[in-house]
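1. coordinates for the following, if possible.
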Amino acid sequence: MIANQLGFGIILSYISIFLANIANLILTPFIIRSLGQSQYGLYMLIGAFVGYIAILDFGLGNTTVRFVSKYHAVNDKKGERNFLFLTSVIYLIISFIILVLGALIYPSLDVVFRNSLTPEEIEIAKTMFIILIISLSLTLPMNLFRGIITAYERFVFLHSLNIVRILIRSILLFLLLFWGYKAIAIVLLDAALNIALMLVSVIYVFVKLHIKIKFYEFDKYLIKEIFLYTFPVFIGVIVDQIYWKIGHLVLGVVADTNEVAVFSVGMTIGQYFITFATAISGVFLPKITKMVTTEASDEDLTDILVKTGRIQFLVLGLVLSTFVLFGKKFILLWAGPSYEVSWGIALVVMIPLSLVLTQTVGISILQAKNMHAFRSWMYLFIAIINTLISFFLSKIYGAIGAAIGTALSLIFGNIIIMNIYYHFKVRLNIPEFCRKLSSLLLSLICSVVIGSVLLLISSNSWLVLIVQCSIYSIIYIFIMWFFGMNDYEKQLFVNVYNKIKKQTSCNT
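-> Residues are numbered from 1 along each chain as shown. The predicted model follows:
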């Protein structure tokens, strides 16, 4: 049962990612053209602004996965129920704090954006802000229920629900924009869908998983343990928010909504890139927690880091190399000539990310070992430096300057410092990890060199671009299969193919 959940969870995760990316790839240019560059930039700006309030989750969703996984592993129902009660109370307090903060910040929006937004844009921004704050206060507790579902390793339900959300949102969003509605309608749609999904998750947890939330005792030790674990995660959430959203706010203050729009398109490509890597690592946290609980060896943890890292690199390598070769043409066709700089913004971020994202399972290992405090504090320091650099470079170079600030932070913090920590403190064999990735890296370089011949076809059309990407994908897969992949990876892909084929046969 659990093995099927894990296997199909990964498959559905990638289906979900594929659908989300396809939906966004189709809808984003439609949104840009329907809203216009200015209002699209405003929509992304306010979303980033509210995102800083959303960090008040304090990382409790991830904490729920860890604690419920431990209680579930030892069948401690009483401890699980008491933990969930205390966490529920914390979430209610957080929701109230969000509403209070929203009420305090709302009057200040005029002052914050008076030099970059027009009076009309400020009024639209204030309306979106109200909707997002109310929605956030209602749906933030959903992270508790998602955490329970993840801890019980019900990945099929979790990803199926996300697939349904993607399909419904895509259809309704297209209709709203087709009928002439603007940014406020998109915000209302997302708020309604988030609330609906929360209710479905709540019903599933109580009815299907038979979870009970009950107060037994006010356990001071448990409260302390929760916050000791949660606080570093919370710092990590702040850091992620700074990494991926600070550019929006900096440009919103020192530039204008058009510059925010260009930056947003580039960073959106980077976000798509991230989802390809986190799909696999996300389903491994419960398993890694159990491995650490049962005192798995450092060699075993290194092995899972290497295996997932190589698989992630195989996927990320295809995406990155395809975008290096044909990304500029894609941006011009997809978003339009005024977004040409977005290709450079995306590449500046994606290249260091391609190395960082092969080690996302390392984060799960840190969390399972309760050793993530160093990463969080170090990232916070780097993120502050990122903010200062981005602010300085944005004034000089605009959107590309903000992207450079993020890239420098990724290289120094994620690639250099964290690998030193992984090797010497966590005792993961990083030199072995790098050695095992080297064959894939060489195959990737070879694929790009051969694929660059396709650039001789200079025609700018969707048909030509699709043909170029398809031919290059075949080249990439051929080279990886014969020169990069090992027997384990080949068998893994064969098994996934056979499972899909078998499932398809059963359905027909």
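2. since we're on the closest residue to residue 266 other than its chain neighbours, how many residues are nearby?
-> Closest residue to residue 266 apart from its sequence neighbours, by Cβ to Cβ, 6 or more residues apart in numbering: residue 345 at 2.8 Å. From N, CA and C alone the C-beta is placed, and that goes for glycine too. By the other Cβ atoms under 10 Å criterion, the neighbourhood of residue 345 contains 30 residues.
3. now swap in residue 125 and tell me
-> Residue 125 has 23 nearby residues by other Cβ under 10 Å.
4. shift numbering so it begins at 44
-> In the new numbering, first residue 44, that becomes residue 168.
5. pull the contacting residues for it.
-> Residue 168 is in contact with 85, 88, 89, 152, 156, 160, counting by Cβ atoms under 8 Å, 6 or more residues apart in numbering.
6. distance of it from residue 140?
-> Look at residue 168 and residue 140: by Cβ to Cβ, to the nearest Å, they are 22 Å apart.
7. swap in residue 538?
-> Distance of residue 538 to residue 140, computed by Cβ to Cβ: 47 Å.
8. likewise residue 414?
-> Residue 414 is 29 Å from residue 140, where distance means Cβ to Cβ.
9. of those two, who's got more company?
-> Legend: neighbour count by other Cβ under 10 Å for residue 414 and residue 140, higher for residue 414 (16 against 13).
10. helix or strand for the nearest residue to the more buried one once chain neighbours are set aside, which one?
-> Residue nearest to residue 414 in three dimensions, not counting chain neighbours: residue 469, with 6.2 Å by Cβ to Cβ, 6+ apart. According to DSSP states H and E, residue 469 maps onto no helix or strand at all.
11. going by distance to residue 348, which of the contacts of residue 168 wins?
-> Taking Cβ to Cβ as the measure, residue 348 lies nearest residue 88 of the contacts of residue 168, at 37.3 Å.
12. which helix or strand contains the closest one?
-> Element membership of residue 88, judged by DSSP H and E, is helix 45-97.
13. what about the helices in the stretch 444-551 of the chain?
-> Applying DSSP state H, counting those that start in this stretch to the stretch 444-551 of the chain gives helices spanning 461-467, 473-494, 505-522, 530-550.
14. from what I can see the residue nearest to residue 309 touches residue 443, true?
-> Yes - using Cβ atoms under 8 Å, residue 388 is in contact with residue 443, at 5.9 Å.
15. low-confidence stretches in the stretch 44-193 of the chain?
-> Applying pLDDT under 70 to the stretch 44-193 of the chain picks out residues 44-53, 57, 91-102, 159.
16. where in the stretch 444-551 of the chain is pLDDT low?
-> Scanning the stretch 444-551 of the chain with the threshold set as pLDDT under 70 gives 539-540, 542-551.
17. still on that earlier bit, so which of the helices of the stretch 444-551 of the chain comes closest to residue 244?
-> The nearest among the helices of the stretch 444-551 of the chain, by Cβ to Cβ, is helix 530-550 at 24.9 Å.
18. element containing residue 179?
-> helix 162-182.
19. quick one: distance of that helix to the chain centre.
-> In terms of Cα atoms, centre = their mean, to the nearest Å, the centre of helix 162-182 is found 23 Å from the chain centre.
20. next helix or strand past it?
-> Counting by DSSP H and E, what follows helix 162-182 is helix 185-194.
21. for that next one, which positions count as buried?
-> Buried residues in helix 185-194, counted by 16 or more other Cβ atoms under 10 Å: 185, 186, 187, 188, 189, 190, 191, 192, 193, 194.
22. counting by contacts, list what that helix packs against.
-> helix 103-116, helix 120-148, helix 198-221, helix 226-246, helix 328-336 (3 or more Cβ pairs under 8 Å, 6 or more residues apart in numbering; DSSP states H and E).
23. against residue 108, how distant is residue 280?
-> Relative to residue 108, residue 280 is positioned 14 Å away (Cβ to Cβ).
24. comparing those two, which shows the higher neighbour count?
-> residue 108 (25 against 21).
25. verify the stated contact: that one with residue 194.
-> Yes - using Cβ under 8 Å, residue 108 is in contact with residue 194, at 4.9 Å.
26. burial measure for residue 369, as a count.
-> For residue 369, the count of nearby residues is 21 (other Cβ under 10 Å).
27. residue contacts, it?
-> 497, 498, 508, 511, 512, 515.
28. now the fourth one: closest residue in space that isn't a chain neighbour?
-> Meaning residue 511. residue 497 (4.8 Å).
29. what's the spacing between the one you found and residue 387?
-> As judged by Cβ to Cβ, residue 497 and residue 387 stand 21 Å apart.
30. with residue 137 instead?
-> Residue 137 is 39 Å from residue 387, by Cβ to Cβ.
31. the residue nearest to residue 511: what's it in contact with?
-> Applying Cβ under 8 Å, 6+ apart, we find residue 497 in contact with 368, 369, 511, 514, 515.
32. quick one, which of the helices of the stretch 444-551 of the chain is nearest to residue 228?
-> Of all these, helix 505-522 comes closest under Cβ to Cβ, at 28.0 Å.
33. which residues does residue 78 contact?
-> 86, 220, 225, 226.
34. by neighbours, which of these wins?
-> Result: residue 86 is most packed of these (other Cβ under 10 Å), 25 neighbours.
35. do I have it right that that one meets residue 227?
-> No - contact criterion Cβ under 8 Å: residue 86 and residue 227 do not qualify, at 9.0 Å.
36. joint contacts of those two?
-> What both residue 86 and residue 227 touch, as defined by Cβ under 8 Å, 6+ apart, is the set residue 171.
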